[in-house]
Every structure is written in C-alpha cells, then in structure tokens.
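Enquirer: can you look at this prediction? I've put the sequence above it.
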Amino acid sequence: MINKKEIVAMLLAGGQGSRLYALTQKKAKPAVSYGGKYKIIDFPLSNCSNSGIDTVGVLTQYEPLELNSYIGTGGPWDLDSLTGGAYVLPPYVRGETGNWYRGTADAIYQNINFIDNYDPDYIIVLSGDQICTMDYEKMLQYHKEKGADCTISVLNVTYEEAKRFGIMNTDDDNRIYEFEEKPAEPKSTKASMGLYIFNYKLIRQYLIDDANDPDSSHDFGMNIIPRLLEEGKKMYAYDFEGYWRDVGTIDSLWEANMELLDPNSPVDLNDERMKIYTRNYALPPHFVTKEASVKNSILADGCLIEGEVENCVIHPGVKIGKGSVVKNSVIMSNTVVRENCKIDKALIDEEVVIEKECTVGEGQEVTVIGYHSVALEKAVVEDGAMVYPDTILH
Amino acid sequence: MNNRMLGIINAGEENRKLRDLVRSRSLSALPVGGRYRAVDFLLSNMVNAGIKNIGLLTRRNYDSLLSHVGSGKAYGLSRKNDGLYIFPPYITGSSPTGEYASVMDGLRGTLNFLKKAKEEYVLLGRSYVVFNADFNDMLKKHIKADADITVMYYDVTGDETNVDFDGVYMKTDEDDTITNMCYSEVKHRSNKKNMDVYIMKRTLLIDLIEDAVAHNKKHFFFDVIIPNFDRLKIQGYEFKGYVGCITSVEAYYNVNMDLLKSEVTEELFCGDRPIYTKTADGSPAKYGSNASVSNSLISSGCEINGTVENSIIFRESKIDEGAVVKNSIVMAEGFIAQGADIDHTILDRHVKVYSNAHLAGSSNHPVFIPKGASINE
C-alpha cells in the first residue's frame, strides 16, 4: 500500500561536529544542547511540524544512541500522527553488502526504499546541525511557482564570509547558473545552507547514478548540485528568511547562546507561529532562593539557584550552590555547581559536578567541560581549557 | 507494574470556600505550584504506583480539566489497553437526574467500567490534596491487615497550612484499625484526618454503589461508610509526608506558599516518583539585567524584569522592570506593569495589572483577582 505524501523531509543528523571537540565525543552534533532546553535537532524537527510536513526520516550514523532515544516516534514535535512520523534511519546491511553513509547524497540514496513508500512529489533535505527557524512550506510554494527541479535555500552573507561558503551565482530571476565552492573572489553573496528541495522523480535517478559512480564523493554540494547544473536543470535560489546561526565551533555555539540574552535578540523562541518543541521532562518550575541573584539570564525548569547567575543560559535540573558566581556561561542539564565556585565564560556539558571552591575559566576564552566530568574541591580549570568527558579535575 | 489495582478519581467535588477560584474550572483543574493542576498529584501518584487503568469522574466546569488531562498522554495513560477513562455526567442514559446528583450517583456512572475491569482492588480518591504518596505501600498494608477498606489519613497536629478543619476525623487502635470516625467542622479531639483516599476490593465497591443506588444514598462517607462501619473492617493508613489540602482560598494560598519551602519541593518533585503534567512547550524563563528574584518559583516562558519575592509565577507571565511582586501567586500569562505592585495577591490566569496599581492582602485574606481581569490605577 502506498501512503502518498506531497513532500517527505530527510534530515541529515549524522554529523560528528568534530569542531565541538569535548561536546561531541559522546553524541552527534544534532544532539548538542542549546538555548536553555533545546537540542540543535529540535529546530529542523519543529520547523517540519510547523510547516505541515509530517513525515521525517532522520539519518543518523555517528554516536546515534542519544538521538535515537531522544527522537523516538517524534511525539514531542507532534510528528507521531496516523500516517506520518519521525523515523530514525541508521545505515543497515542489505543483501551481502552494506555501507556506512558515504556522504550526504549516499545517505539519501540508501533510503530510497523508505522514500518510495510515500511516493512523494518532492523531498526536502535538511541539515540537523544548524540553528534555523524557517517555514519550509513557503519554500515549497516558491519551488512550485518557479517550476524548479531543485531549490536551494541561500543565506545572504557578507562579501568576506562568502569566501568560506558554497556560493550560488544567480540571474535576476534567482535562477542559479553557477556554483562556486569557497570562491577567492565571490560574484555573489548567496551562500548555500545545505537545505534543498528536489523533485523526487528527478533526484531519485541522480542519486542512483551517483551511488554507482566510483569517483564521486557522494556529496550534494560537491557532486549532485554541480551535475544538475551541468545538465541545465532548473535550479533556483530561495532567499532565506528567519533566524539562522552556525553552531559548528565552540565560539559560535557560545555566541549563539549569548545572543539569546540580548534584549534585542532577533529570535523569539516563544513565538507562537514558529514554536520550537523539545522533549520535556517532569520537572517543577525552577527555584531561586533568598540568597540568590539572577540577572540577564535564561533559566529552565527544575533548576535550583542559590548563588549568583549573570549572563547565563541554564538548562533543566541544574543546581548552583550558595556563594557561587557563574557568569557568561552555558550550563547544560543536570550539572551541579556546589558552593563558592567561580565560573566565567564556560560551556559545561550535562551531568558535570563542580565541587566547592572551584574556579573555571577567567572570562577570556571559552572554557569547555565535557559530559560527566568532575572537578574536585578547589580545582582550577584554566581559561580556555578543553576538558573531555569523564575527566576528573584536581 | 500494578495489575492489581485500578484508580477512580472523583473530580466532581464542590467546595464553595474556594469561591471564584472554581467559578470557571473544577477544583481538580486549579493551577498549583507554577505549572501543575491539582489533579496532577493524585493522578501521578496512581501512575507511579503502576496503576494503568484510571477512571476520572467529572461533574461541572470540566472544560479546563479535560483540556489539561486530554487523552492522558502526559501521564503515560494514552494506551491501547486501559488508560484514562473520563466519566462526564450524562454518560449513561439511565440517570434520572442528568447531571450527577451526588457522589454516589456519579460513581454509578462507573459501574460498567468497574464490572469490566480485571483488577482486584480499587483506589478511590479526590483531587484536592497536594501530596506524593506510595500507593503500593498502602495496598500492601491493606492486604496484610486483611481489611475491607483502608483509609489514608494524616496527623494534623501543628498543621498550619490546611486551615480548614472540617472533615472526617478518626481514632485508631494500635494496629491502625479505625475504631471511630466522625465528621467535624472544627478542629477535632482526634488529630487523624481523612484524606479521602480509599483502597478496597473492586467487588466491594460495586456492591456499595449498587446498594447506594437502590436506596437512593448520596454521600460516600455518611450514607455508605458510616452505616457499614460495624460490618466492615476499616483500616487506617497514616501518610507521613507533606499534605496540602486545597479547601478554601486561604488554604490554596498557603499550599502554594508551602512549595517555596525547599523541603516540601524536594519531597514532592525531586524523589523517584515524579509529578507529571501537561507541557505547554514554553521557552525557558528569561531574566532581564535589572531583575531581582528571591525565594520564588518561576515557570517557563516567563519574562522577569522587575522584583519578585516569595512568589509563584506561572508560565508565560511578564513582570516589567519596576514592578514589584511579593508573597503572591501569578497564574499563567499574567502581566504586571512598571510601577505596579502586588502583595499577598492571587492573580488568576490572564490578569493584567497596569502601571501604578497597588494590590495588597494578607496571608489570611489574600486579594483575589479573577481570570482575565485588568487592574488599572
């Protein structure tokens, strides 16, 4: 039986996020926490839900355990409907062979059977490692209006930034005539976001051909897009509207969190029309005691704040002890900071314990403490240190 | 897992002392503790005891209650087999009165549910108590004592929260068997007060309901328990944890304020029996540079820029810079403007307090502002 869908989303969530170092040792980049209660992957999943896309294949590969259990059947994003759903799609063995996903295009190719089940007119390929709020329905509308074969969402960057991106050169009608990867002298500032809508029938054949090409690196940006262009397919750039942040490095992740504290922040995570959903846990509201002080910060449920918190993003279930001063930091779920600690400009992952009278960072570079680490009493963690998971700090 | 017990929640109770708090909602749907509704406690206690089959009896004003519990998904009760069954009035065509005339009439509506169920025991409760109890332990004691009915009670000695004394008091012997029960409207000689949580065999409850229907008995305690007192072995089960009975506006205020005590919050929410509730998916709360918050519970989606002391702020409320909130309860989507201050005040949902408005009550007489009101200078 074919359960026909107009559009199916394929969400690439296998990214390792190696430039996040300690934060992505035990989980894939899309599972990294952000913004006081979210994980990066909440953004594309919520966008799908808000855009009326109810069938989402989530392609996992690197450290998938946390993502698999986190996504489940997609209930938190309201995707667990009768005919749709969120489906976690890891690589699997077929026949006598079986492969890891060899690239972004190969990941989709290996799941052609999954997509065929829905006989979609279009597929949208999404990236699971960007903070991005977007109405995909508008982009699909645009794709249809243009009669395009492929539409690529583009971000208008500065001329300097353009040198670091894949740049789409377009004509007056936004039709793409050329694609340049990291051009030394950019002709345009339209940077590809790695977010595509394809006519499924067309791309299906391209994916099959690409999979059989031994010289291909099986990547959309490097192989598929250039080939479509070469063969004169109708490709359009779609000017992205919405909130987008790159969180691929420690600095950019820290900055994206801090930006949320700005009263003039361009994003409202509570916007009713583009609400970001996440898996919620049974926690009471957070509690701020008599001794505590909280300024210019974001606090999630289940926290107990007895110390001083300024310019921080605090995730659920965090405890900050009496006399501790935490500034300019992002503290992820269930981390405990005991009494009289000083923390400045840190990214502290989940389930970390900072014992009494520790010092973490000095506010110059971002200091990172990985999952499940313990800083013993009076430990000093140097400014800018990168502490990997499960470390004991003296 | 507990396949031995099913639950029935009588969410149709009336309590006139709650005045305007229950004008537009049933007691069970009263917002408590920043993000919960009163029914969440009994319901979560049942779920945490592994009870999977729960009947919820509603009577009036149950719009908020139904939209809160929904299919029971937030409590893990949206299931293929069993789960949450809702019994609104008019559920059986045979009722002579339509709307439930009494508790026993309401229970009559659950007869088919009870007869079809496979569980041996029933836990029957009302949802005005804020507590975190282990119902499995209660069942164990019930079976061990070979009782017909076990009644949960708590010791009111030194209790300042539950300011209303009217209720059923009991005396027990050394084995906790109840020797005497009476209803009193004032503080009673006995300090053991009934919490309206009962365990009995399912078949016994069916008998009691059928008998009550046949003889037009209305009240569970006066018409069913008391006349059978000598015939049945009624056992007490002392609950030793925190008990917050929402029986009046003052008690509602006190119970909420109790949640600012860390030992109470710790016991209710931080143990291995979570309290479940529906989520509104709000973003985390945001504090401005001039926010000053102390001894308060703040929910998700709030924007705090002013001063908040000893207060409970429900989700999506905004406290402007220069606004002062003290000793107050602000229900969801409240707004306090710059220059306004409130003290010992309960704001129902969607209340707006504009600039330079001042509201002040006392802990015995908190000011109450009804749902949706706007307060100007």
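Expert: Nice, thanks for sending it over. None of the values given here were measured: they were computed from a predicted structure.
Enquirer: spatially nearest residue to A:Glu161 (excluding sequence neighbours)?
Expert: Nearest in space to A:Glu161, with sequence neighbours left out and distances taken as CB to CB, 6 or more residues apart in numbering or on different chains, is A:Ala191 at 7.1 Å. In this view, the C-beta of every residue, glycine as well, is placed from N, C-alpha and C.
Enquirer: the helix or strand harbouring the one you found packs against which elements?
Expert: Using DSSP states H and E, the element containing A:Ala191 is strand A:190-199. Using 3 or more CB pairs under 8 Å, 6 or more residues apart in numbering or on different chains; DSSP states H and E, the elements in contact with strand A:190-199 are strand A:122-127, strand A:130-133, helix A:136-146, strand A:150-156, strand A:166-170.
Enquirer: lowest-pLDDT helix or strand in the chain?
Expert: Because you didn't say which chain, this covers chain A. Every helix and strand in chain A was compared by mean pLDDT, DSSP states H and E; the lowest is strand A:97-98, with a mean of 67.
Enquirer: please refer instead to chain B.
Expert: Lowest on mean pLDDT, DSSP H and E among the helices and strands of chain B sits helix B:103-108, with a mean of 86.
Enquirer: next one: that helix to chain centre, how far?
Expert: The chain centre lies 19 Å from the centre of helix B:103-108; the measure is CA atoms, centre = their mean, to the nearest Å.
Enquirer: for the next helix-or-strand element following it, what does the pLDDT average out to?
Expert: The first helix or strand that comes after helix B:103-108 along the chain, using DSSP H and E, is helix B:111-116. Averaging pLDDT along helix B:111-116 gives 94.
Enquirer: residues of helix B:111-116 that come out buried?
Expert: Neighbour-count burial for helix B:111-116 flags B:Leu114 (criterion: 16 or more other CB atoms under 10 Å in any protein chain shown).
Enquirer: re the thing from before, what's in contact with the least confident helix or strand of chain B?
Expert: For helix B:103-108, contacts defined as CB atoms under 8 Å, 6 or more residues apart in numbering or on different chains pick out B:8, B:10, B:12-13, B:57, B:59, B:87, B:89, B:92, B:95, B:97, B:100, B:205, B:209, B:212-213, B:217-220, B:223-224.
Enquirer: center of chain B, which residue is that?
Expert: With distances taken as CA atoms, centre = their mean, the residue of chain B nearest its centroid is B:Tyr128 (2.9 Å).
Enquirer: separation between it and B:Arg37?
Expert: Distance from B:Tyr128 to B:Arg37, counting by CB to CB, to the nearest Å: 11 Å.
Enquirer: and if you look at A:Ser18?
Expert: Separation of A:Ser18 from B:Arg37 (CB to CB): 46 Å.
Enquirer: residues of chain A that sit close to chain B?
Expert: Within chain A, the positions near chain B by CB under 8 Å from any CB of the partner chain are A:35-37, A:75, A:261, A:263, A:269-270, A:275-278, A:280, A:282-302, A:304, A:313-315.
Enquirer: quick one, helices of chain B?
Expert: Ranges of helices in chain B, per DSSP state H, are B:39-48, B:63-69, B:103-108, B:111-116, B:135-144, B:202-214, B:249-258, B:262-269.
Enquirer: give me the neighbour count for the residue in the stretch 101-250 of chain B that chain A sits nearest to.
Expert: Going by CB to the nearest CB, chain A is nearest to B:Asn132 of the stretch 101-250 of chain B, at 11.4 Å. Residues near B:Asn132, counting by other CB atoms under 10 Å in any protein chain shown, number 20.
Enquirer: got a list of what it touches?
Expert: If a contact means CB under 8 Å, 6+ apart, then B:Asn132 has B:Phe41, B:Ser44, B:Asn45, B:Gly241, B:Tyr242, B:Glu267, B:Leu268, B:Phe269, B:Gly271, B:Arg273, B:Ile275 as its contacts.
Enquirer: residues of the strand ranked longest in chain B that come out buried?
Expert: When chain B is scanned for its longest strand (criterion: DSSP state E), the result is strand B:192-201. By neighbour count on 16+ other CB under 10 Å, the buried set for strand B:192-201 is B:Lys192, B:Lys193, B:Asn194, B:Met195, B:Asp196, B:Val197, B:Tyr198, B:Ile199, B:Met200, B:Lys201.
Enquirer: re earlier: overlap in contacts, B:Tyr128 and B:Arg37.
Expert: Joint contacts of B:Tyr128 and B:Arg37 (CB under 8 Å, 6+ apart) are B:Ser28.
Enquirer: next one, pLDDT for the residue nearest to A:Glu161 please.
Expert: Predicted confidence (pLDDT) for A:Ala191: 96.
Enquirer: the closest residue to B:Phe220 other than its chain neighbours and B:Tyr253, how far apart?
Expert: Residue nearest to B:Phe220 in three dimensions, not counting chain neighbours: B:Val103, with 4.9 Å by CB to CB, 6+ apart. B:Val103 sits 27 Å away from B:Tyr253, going by CB to CB.
Enquirer: show me chain B divided up by domain.
Expert: Following automatic domain parsing, chain B resolves into domains at B:5-269, B:286-375.
Enquirer: can you tell me which of the ones you listed is most buried?
Expert: Of all the domains of chain B, domain B:286-375 has the most neighbours on average by mean count of other CB atoms under 10 Å in any protein chain shown, namely a mean of 21.
Enquirer: and that one with chain A, contact?
Expert: Yes. Domain B:286-375 is in contact with chain A by CB under 8 Å from any CB, via B:286-301, B:312-313, B:316.
Enquirer: and the pLDDT at the most far-flung residue of chain B relative to its centre?
Expert: The centre of chain B is farthest from one residue, B:Ser289, which by CA atoms, centre = their mean lies 36.9 Å away. pLDDT for B:Ser289: 96.
Enquirer: from B:Asp341, how far off is it?
Expert: For B:Ser289 relative to B:Asp341 (CB to CB), the value is 20 Å.
Enquirer: from A:Ser252, how far off is the closest residue in space to A:Glu365 that isn't next to it in sequence?
Expert: Take A:Glu365 and drop its neighbours on the chain: the residue closest to it by CB to CB, 6+ apart is A:Gly384, 3.1 Å away. The gap separating A:Gly384 from A:Ser252 is 16 Å, by CB to CB.
Enquirer: what's the answer for B:Phe220, then?
Expert: B:Phe220 sits 62 Å away from A:Ser252, taking CB to CB as the criterion.
Enquirer: using PDB, write down the CA coordinates of stretch B:281-289.
Expert: C-alpha atoms of stretch B:281-289 as PDB (Å, rounded to 0.1, in the frame of the first residue of the first chain):
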ATOM      1  CA  ASP B 281       6.300  23.900  25.400                       C
ATOM      2  CA  GLY B 282       7.300  27.300  26.600                       C
ATOM      3  CA  SER B 283      10.800  28.500  26.200                       C
ATOM      4  CA  PRO B 284      12.900  28.800  29.300                       C
ATOM      5  CA  ALA B 285      12.300  31.800  31.500                       C
ATOM      6  CA  LYS B 286      14.200  35.000  30.700                       C
ATOM      7  CA  TYR B 287      15.600  37.400  33.300                       C
ATOM      8  CA  GLY B 288      16.500  41.000  32.400                       C
ATOM      9  CA  SER B 289      19.500  42.900  33.700                       C
END
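Enquirer: which of the helices or strands spans the residue nearest to B:Pro284 when sequence neighbours are not counted?
Expert: With sequence-adjacent residues excluded and distances taken as CB to CB, 6+ apart, B:Pro284 is closest to A:Gly36, at 3.4 Å. Remark: A:Gly36 resides in no helix or strand, with elements defined by DSSP H and E.
Enquirer: where does the stretch 1-150 of chain A get nearest to chain B, residue-wise?
Expert: Residue nearest to chain B within the stretch 1-150 of chain A (CB to the nearest CB): A:Gly36, separated by 3.4 Å.
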